[in-house]
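Asker: Quick one, fold the following:
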Amino acid sequence: MRGNGVSSRALVLSALWIGCWSALVSAQCNSTQLNATTAEPCSLYNGTTTNSTTANLTQVNCSLWNVTYASSWILNAVDSITGHLQCRTANTASLPREKLSTVQKELGQIITSTINVLVQLGATPSTGDTALMTGALDTLSAENLKSVEFIQMWVCIRLLPLLPVINDTFMSEMSKKEFTCESYQEM
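Answerer: Predicted coordinates for the structure are as follows:
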């Protein structure tokens, strides 16, 4: 039983690692170029020095756009893992219900934490459409809307974490989705 908890935690940590690493690798800066003798708080050394007086430096842009960009990588990683879970749940023998529930809760916690960071740093849209910004509705394809199993996962992983930030705009956009009766009842 302990092995199941460890593997679900490893899966969640992998999603976080992918999101964070991708954001760091793709970060850019709009500060002035640094030399090896000066350092600013938002710089990362990238590579080796080319001679004794200069270093190849990549600088991180401290704008809120980078926070939003990094969070999109995290949300995409969660979506990828959710897709994997959907495949695994097709064969109920391969993923026990208890383990599935644990993984869903942990993925939902990643979404909740990401939203909390965005709100705390002020990286949410001025229109207040934080829930729309997460792309949760974009994951509802015509095929997914017909799958009760997908909707159950979507509610746990993508919808419940958004409850504190859902507004009329989100609800209006969600009402345009063509849920089947079964999927709607599951939700």
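Asker: Can you show me the CA trace of whichever strand or helix holds Val119 as CSV?
Answerer: Using DSSP states H and E, the element containing Val119 is helix 97-120. C-alpha atoms of helix 97-120 as CSV (Å, rounded to 0.1, in the frame of the first residue of the first chain):
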residue,chain,number,x,y,z
ARG,A,97,-9.9,3.5,-7.3
GLU,A,98,-8.2,4.5,-4.0
LYS,A,99,-5.0,5.3,-5.8
LEU,A,100,-6.8,7.3,-8.5
SER,A,101,-8.6,9.4,-5.9
THR,A,102,-5.3,10.2,-4.2
VAL,A,103,-3.6,11.2,-7.4
GLN,A,104,-6.6,13.3,-8.4
LYS,A,105,-6.5,15.2,-5.1
GLU,A,106,-2.8,15.8,-5.4
LEU,A,107,-3.1,17.1,-8.9
GLY,A,108,-6.0,19.4,-7.8
GLN,A,109,-3.7,20.7,-5.0
ILE,A,110,-1.1,21.6,-7.7
ILE,A,111,-3.8,23.6,-9.5
THR,A,112,-4.9,25.3,-6.3
SER,A,113,-1.3,26.2,-5.4
THR,A,114,-0.7,27.6,-8.8
ILE,A,115,-3.8,29.8,-8.6
ASN,A,116,-2.8,30.9,-5.1
VAL,A,117,0.7,32.0,-6.3
LEU,A,118,-0.8,33.8,-9.3
VAL,A,119,-3.3,35.7,-7.0
GLN,A,120,-0.6,36.5,-4.4
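Asker: Only the buried residues of that helix, if you could.
Answerer: 99-100, 102-104, 106-108, 110-111, 114-115, 118 (16 or more other C-beta atoms under 10 Å). For the C-beta atoms, the positions are set from N, CA and C on the backbone; glycine is no exception.
Asker: Switch those residues over to JSON lines; also include distance to Met153 and pLDDT.
Answerer: Shown next, in JSON lines, are the buried residues of helix 97-120 (distance: C-beta to C-beta, whole Å; pLDDT from 0 to 100):
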{"residue": "Lys99", "distance to Met153": "13", "pLDDT": "87"}
{"residue": "Leu100", "distance to Met153": "8", "pLDDT": "87"}
{"residue": "Thr102", "distance to Met153": "13", "pLDDT": "92"}
{"residue": "Val103", "distance to Met153": "10", "pLDDT": "92"}
{"residue": "Gln104", "distance to Met153": "6", "pLDDT": "92"}
{"residue": "Glu106", "distance to Met153": "13", "pLDDT": "95"}
{"residue": "Leu107", "distance to Met153": "9", "pLDDT": "94"}
{"residue": "Gly108", "distance to Met153": "10", "pLDDT": "94"}
{"residue": "Ile110", "distance to Met153": "14", "pLDDT": "94"}
{"residue": "Ile111", "distance to Met153": "12", "pLDDT": "93"}
{"residue": "Thr114", "distance to Met153": "18", "pLDDT": "91"}
{"residue": "Ile115", "distance to Met153": "18", "pLDDT": "89"}
{"residue": "Leu118", "distance to Met153": "23", "pLDDT": "86"}
